[in-house]
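**Student:** please work out how this folds:
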Amino acid sequence: MTSTSKIILGIVGAAAAGAVIGLLLAPEKGTDTRQKVKDAANDWACQLADLFAESKTEFNNIKDKAAKAAKDFKGQAEDRYNNVRESLS
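**Tutor:** You can find the predicted model right below:
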C-alpha cells in the first residue's frame, strides 16, 4: 500500500470516527442516534467502495498505458538494432 493510499484511508477513518463521536455526543434519543450512525456508516462504506472502484479503474488505465509504452519502446529498440546491424554489414 502506498503512502498516498494510507493517508487517504487515514483521513477517511478519522472523518468517520469524528462523525460517529459527534453523533454519539448529540442530545438525541438512542434509537435516533443509532439509526444516524448506521446511515453514516453505510454512506461511508459506499463512498469507500466507490473510491476503491475508481482506484482499480485508474490502475488498469495506467497499466494499459505502461504496456503500450513498453511495446512501443521495444519496437523502437528493435528498429534501431536492425538499422545498426544493417549499417555494419
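**Student:** flag the shaky bits of this structure, pLDDT-wise.
**Tutor:** Across the chain, the ranges flagged by pLDDT under 70 are 1, 23.
**Student:** in stretch 36-47, what's buried?
**Tutor:** Across stretch 36-47, burial judged by 16 or more other C-beta atoms under 10 Å covers 36, 44. Where you see a C-beta, it was placed from the backbone N, CA and C, and this is true even at glycine.
**Student:** C-alpha coordinates for that stretch, PDB please?
**Tutor:** Extracted C-alpha coordinates of stretch 36-47, given in PDB (Å, rounded to 0.1, in the frame of the first residue of the first chain):
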ATOM      1  CA  LYS A  36     -27.900   8.000  12.200                       C
ATOM      2  CA  VAL A  37     -24.700   6.100  13.000                       C
ATOM      3  CA  LYS A  38     -25.900   3.200  10.800                       C
ATOM      4  CA  ASP A  39     -26.800   5.500   8.000                       C
ATOM      5  CA  ALA A  40     -23.500   7.400   8.200                       C
ATOM      6  CA  ALA A  41     -21.500   4.100   8.300                       C
ATOM      7  CA  ASN A  42     -23.500   2.900   5.200                       C
ATOM      8  CA  ASP A  43     -22.700   6.100   3.400                       C
ATOM      9  CA  TRP A  44     -19.000   5.900   4.200                       C
ATOM     10  CA  ALA A  45     -18.900   2.300   3.100                       C
ATOM     11  CA  CYS A  46     -20.500   3.200  -0.200                       C
ATOM     12  CA  GLN A  47     -18.000   6.100  -0.700                       C
END
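**Student:** contacting residues around that stretch?
**Tutor:** Contacts of stretch 36-47 with the rest of the structure, by C-beta atoms under 8 Å, 6 or more residues apart in numbering, involve 12, 15, 16, 19, 20, 23, 24, 28.
**Student:** what's the spacing between it and its chain's center?
**Tutor:** Chain-centre distance of stretch 36-47: 19 Å, with C-alpha atoms, centre = their mean, to the nearest Å.
**Student:** before we move on, what about stretch 24-41?
**Tutor:** Distance, centroid of stretch 24-41 to centroid of chain: 30 Å (C-alpha atoms, centre = their mean).
**Student:** residue 26: how many residues sit nearby?
**Tutor:** 10 (other C-beta atoms under 10 Å).
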